[in-house]
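> requesting a structural model of the entry that follows:
(chains A and B)
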Amino acid sequence: MTTTPRDHWWMSLALLVLGGGLALVFFGPRESLPEVRRAVADEDVLRIVYTQTLRPDPHVRLLPLSTYNQFILSLWEPLVECDPLTGEPQPAAAASWTWSEDHRLLTLRLRPDGRWSNGDPVTAQDFVRAWQRLLRARVDLAFTLFPVKNAEAYHRGQREQPEAVGLRALDDLTLQVELDQPRTSLLAELSDPLLAPLHHSTEQVLADRSFYEQPSALVTNGPFRLREANADGYRLEASPVYHGRAGVRLAGVQFIRAANSSMGALLVSAGRADLMPSVNLSAGRVWPTRRAMTVESELELGVVGNYFNVTRGPLRDLRVRRALALALSREELIEESDRTRLVPAWSWVPDMPGRPGLALFKEDAAEARRLLAEAGYPAGKGFPVLRMALPLWMEGNPYPTACGERWFKELGIRTYVAYESPARRSERINAGDYDVIYGGLIATVPDPADLLSSFTMPAEYSETKWRDDETIRLMAAANQKTGGERLALVEQVERRAMADVPVVPLMFERRHTLRAAEVKGWYGDPLARQSPKRLWLEAPAVAPRAESHPRT
Amino acid sequence: MNPANGNGGGDWWRNWRIWLMIWVAGTVGLVAFLLWDARAWLQDSPQATFRATKLNLWPLEILWWLFVPAILLVHRSLARADRHWLWAVALHGLLALIITALFIVAQAFRLVLLNHLPATFLPVVVNDLRWMRGWSYLPALVYLALVLAIYTVSFYRQWRDGQRLTSQLQVANAQLETKLVRASLDALKMQLHPHFLFNTLNSITSLIRNNRTREAEDIVAGLGELLRRSLDHKQEAMDTLERELDFLRRYFEIERIRFQDRLKVEFDIDPKCLRAQVPSLLLQPLAENAMKHGISKDPAARLLRVSAQRDGTRLLLTVYNDGPALPRDDAALGRGIGMQNTHARLLMLYGDEARLRLRDNTPQGVRAEIILPFRTSSSP
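Numbering: from 1, shown residues only, chains lettered A, B, ... in the order given. Down below sits the predicted model:
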């Protein structure tokens, strides 16, 4: 007897239903979707998206910097703020300040109405405590305080007494900062959120993370205070004891965590958020809703480049360093997907308000080959393999390897790119066992000297191991001047450093912020320190058609 | 265990119902655990977030737990339907596509929940995933690898079952053949024994009638010895030539009493042949024929010679008598019961490899020749 196998009708039906459902998802509507209406509880609450880890600790600075700045500056207020247009320091927690004649002693007078969120007065000792913590933390960020007398020695364990550091609370409202060398830019540097004060209870609260269960335990002195904290983000409310509460128009700020930049942008588009800092946008992106949004763009005060260890082998020869710099092609280097974010860098300092960037580097592969041959390495013959030391997290970054490929293509020089753990890399850098480092630098003050200060560091602490006494002298002179005179001296520092090619600037970064149209008061800031206390929300009348798709 | 399904206690793992139960239990347990873990988020607790639940933290690969039984089910249905292979390829291609799409949608759905996006954004997020990193087609590859593995196991099992069946059939066939041969041999031997006994008993009767009681006693004693040895080897189809010759000597001792001094027996045996395996009681019928149709028919005849030689891979056995030449009638030419039995046994045991020939010897006598493959007990 033979039987004919039956087809399972239910299996065919299941496949049909499944296929139909998937088709609906894959080919479903992706434009003109309804946006989510703002909840009543969110009225006058600015909702900012972040994608990386965010911790309510000024001494844990995580990228992107703009999110960190907005978060910390919402909760804490440093001594001064810099005017985004002029870069000039403005009073914040400090009401006034005076310099000694030799510009080595800065005395700051705190405002008497400064209050912590629990009502305690903000004192000078709160700043001393916070800064000593920063120095003790032994993180790379401590260098911000290195201009302070004995701060670096204390950080490196060479001085054990905190009293030796040039920080003194003369009384509750007077803070005195003593410097190793004159440094007129120090006042602007005090606007760094990193240098916010800490309440005496804060260190313990941060250590045991009790702010998750009891948000009010995190005592802050900023325009907002913590109301909720969980894995999805933080909700802040306007602080009723903040001295400038009258000028704060927002009822609160919510920091919403998104899985990635693209999801963050979708959150803004969906109406669930209002700001997405450091958004990575592809050109021609079509948004799913008609929500009115704008992409704000500004050049970051930072630079990305290659650092040469000038004490190693052929890199001691200026001709070799110049050849390596000339052989690169920035246009070719920058990937298509990064064209809206990265711009070629022709010197170490980008355009700044009131100071256009210089063009001190050029590209000429033929000249590079000639210089290399002149140095004794025609077509790279006899040139040792360059060791490029990179941290593990940089694996996947195409630019270091692209530089190596370019050097091989144009000069016949091979590069070994080594990705290592932070500890191993730190050991290697301390031992000077590398040829090239790919890395970047971000300014903390609107001052070109901030980026250039790495060329005046002691050689043993600098990635390039480069030292030039004349550069140090020029920078020291600049630090005693202000205004145009200072800028002229700083330019000399830049020209001198770039001429000796201890570094090759490659790219500057352009920061994009996706902003819903109802967010008002937005202002450009090269340091990405747009404080939410200056912003407010205003419901748009009717979304103008032209503004419904952001400019990229 | 259900014996009706042919599942004994030892191969419970072949029972798909047990696997289905394990899968259902695992699925229920998994879903229950995930829901329990996410209970706070599902109840909208203020501190609870989807981010912290296992629904978000566990890898999406856990979905394979749900997909694998479905894949096995489809494979089984396909195998039963016995469709054209192109149809199977198309179906598996479609399923690979569907499973990949399901993984993408699951990932997108998770992102929608994680980022508090409206459900209407699911198509947007699905599309966004493609723009961000490109859709992952790994599930399709995993699916195809899985199907390949299933087909490989399936084909291997079919091949192994086929081999096992062939082997079982071969063994059964061989056993059947052996039984048949043994039965035939036993039957033939049963034909031999009465024949010999009849002749010997006639001889004993004749001796007693002639008052040669002493000789009759010797024959009875010799016959007893022969029967004992014959019974000892009853179950053996083969024996060594040495033992066969020994048996033959016993036989001749009986016949020598019958023929008194008239019988002269000679053995011309190559010692190398003694270990050769030969059918038991092979030579006795030939010797008996020689006695009956040769020595006893001619009073002048008296010589009977048995010889064995090795010729390469063959063993040549000869029984010669100097009696009268072969008569021209059929029976004498080898159609007698002894010759027929011997011929049949050789055919059964060796097929074409053995030969039996009876012919006149020049200038005198008759010789029976047997050619066999030379084998010893250690030969393969």
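> could you look up the next helix or strand downstream of the strand or helix carrying A:Glu152?
Using DSSP states H and E, the secondary-structure element containing A:Glu152 is helix A:151-155. Elements were assigned by DSSP H and E; along the chain past helix A:151-155, the next helix or strand is strand A:167-171.
> where in the chain is pLDDT low?
All of this refers to chain A. Regions of chain A meeting the criterion pLDDT under 70 cover residues A:1-8, A:283, A:540-552.
> that's the other chain; I wanted chain B
Low-confidence segments of chain B, defined by pLDDT under 70: B:1-10, B:82, B:176, B:179-196, B:229-236, B:260, B:328-337, B:379-380.
> for it, just list every one of the helices.
Listed in chain order, the helices of chain B (DSSP state H) span residues B:16-37, B:39-42, B:54-57, B:64-81, B:85-114, B:122-132, B:138-209, B:213-232, B:241-259, B:283-290, B:337-350.
> nearest residue to the residue of chain B found nearest chain A other than its sequence neighbours?
Taking Cβ to the nearest Cβ as the measure, the point where chain B comes nearest chain A is B:Pro123, at 3.4 Å. C-beta here means a position set from N, CA and C on the backbone, and glycine is covered the same way. Take B:Pro123 and drop its neighbours on the chain: the residue closest to it by Cβ to Cβ, 6 or more residues apart in numbering or on different chains is A:Gly28, 3.4 Å away.
> I'd assumed B:Leu122 was in contact with the one you found.
Yes: here A:Gly28 lies in contact with B:Leu122, judged by Cβ atoms under 8 Å, at a distance of 7.1 Å.
> more neighbours: which of these two?
B:Leu122 (20 against 15; other Cβ atoms under 10 Å in any protein chain shown).
> for chain B, what's the nearest residue on the stretch 51-200 of chain A?
A:Thr51 (10.1 Å).
> give the contact list for that residue.
For A:Thr51, the contacting residues are A:64, A:67, A:257-261, A:263-264, by Cβ atoms under 8 Å, 6 or more residues apart in numbering or on different chains.
> ok, back up a step: out of the helices of chain B, indicate the one that is most buried.
Compared across the helices of chain B, helix B:283-290 shows the largest average neighbour count, a mean of 23 (mean count of other Cβ atoms under 10 Å in any protein chain shown).
> got the angle for that helix vs helix B:213-232?
With axes from the mean of the first three to the mean of the last three Cα atoms, to 10 degrees as the basis, helix B:283-290 and helix B:213-232 are set at 140 degrees to each other.
> which strands or helices does helix B:283-290 pack on?
helix B:138-209, helix B:241-259, strand B:303-311, strand B:314-321, helix B:337-350, strand B:366-373 (3 or more Cβ pairs under 8 Å, 6 or more residues apart in numbering or on different chains; DSSP states H and E).
> next, format the ones you listed as JSON lines and append distance to chain A.
Formatted as JSON lines, the entries for the helices and strands packed on helix B:283-290 read as follows, by distance: least, Cβ to the nearest Cβ, whole Å:
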{"stretch": "helix B:138-209", "distance to chain A": "13"}
{"stretch": "helix B:241-259", "distance to chain A": "57"}
{"stretch": "strand B:303-311", "distance to chain A": "59"}
{"stretch": "strand B:314-321", "distance to chain A": "54"}
{"stretch": "helix B:337-350", "distance to chain A": "41"}
{"stretch": "strand B:366-373", "distance to chain A": "49"}
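> mind listing what the residue lying farthest from the centre of chain B touches?
What lies farthest from the middle of chain B is B:Pro46; by Cα atoms, centre = their mean that is 74.1 Å. Counting by Cβ under 8 Å, 6+ apart, B:Pro46 makes contact with A:228, A:230.
> if we go to 7 Å?
Not one residue lies near B:Pro46 by Cβ atoms under 7 Å, 6 or more residues apart in numbering or on different chains.
> distance of it from A:Glu228?
Here the distance between B:Pro46 and A:Glu228 works out to 7 Å (Cβ to Cβ, to the nearest Å).
> check contacts around A:Tyr68.
The neighbourhood of A:Tyr68, defined by Cβ under 7 Å, 6+ apart, consists of A:61-62.
> checking it next. Helix, strand or coil?
Three-state secondary structure (criterion: DSSP: H, G, I helix; E, B strand; the rest coil) places A:Tyr68 in helix.
> one more: A:Thr220?
Under the three-state scheme (three-state DSSP), the conformation of A:Thr220 reads as coil.
> from A:Thr401, how far out is it?
To A:Thr401, A:Thr220 is 43 Å away according to Cβ to Cβ.
> higher neighbour count, these two?
A:Thr220 (26 against 16).
> so who does residue 360 touch?
As the question left the chain open, I've gone with chain A. With contacts defined as Cβ under 7 Å, 6+ apart, the neighbours of A:Leu360 are A:346-347, A:495, A:498.
> let's do chain B instead
By Cβ under 7 Å, 6+ apart, the contact set of B:Asp360 is B:325-326, B:366.
> among the residues you listed, which one has the most neighbours?
Most neighbours among the contacts of B:Asp360, by other Cβ under 10 Å: B:Val366, with 22 neighbours.
> my guess is that residue meets B:Val319, correct?
No: counting by Cβ atoms under 7 Å, B:Val366 stays clear of B:Val319, with 9.0 Å between them.
> nearest the geometric middle of chain A, what residue?
Here the mean C-alpha position of chain A is nearest to the C-alpha of A:Leu65 (Cα atoms, centre = their mean), at a distance of 3.4 Å.
> residues contacting that residue?
If a contact means Cβ under 7 Å, 6+ apart, then A:Leu65 has A:442, A:528 as its contacts.
> is the residue of the stretch 351-500 of chain A found nearest chain B in a helix, a strand, or coil?
The shortest separation between the stretch 351-500 of chain A and chain B is 11.3 Å, found at A:Gly396 (distances taken as Cβ to the nearest Cβ). For A:Gly396, the reduced secondary structure class is coil; criterion used: three-state DSSP.
> for it, grab the count of nearby residues.
Other residues close to A:Gly396 by other Cβ under 10 Å number 7.
> which secondary structure elements does the helix or strand that contains A:Arg486 sit against?
Using DSSP H and E, the secondary-structure element containing A:Arg486 is helix A:483-499. On a contact count with 3 or more Cβ pairs under 7 Å, 6 or more residues apart in numbering or on different chains; DSSP states H and E, helix A:483-499 meets helix A:448-452, helix A:469-478.
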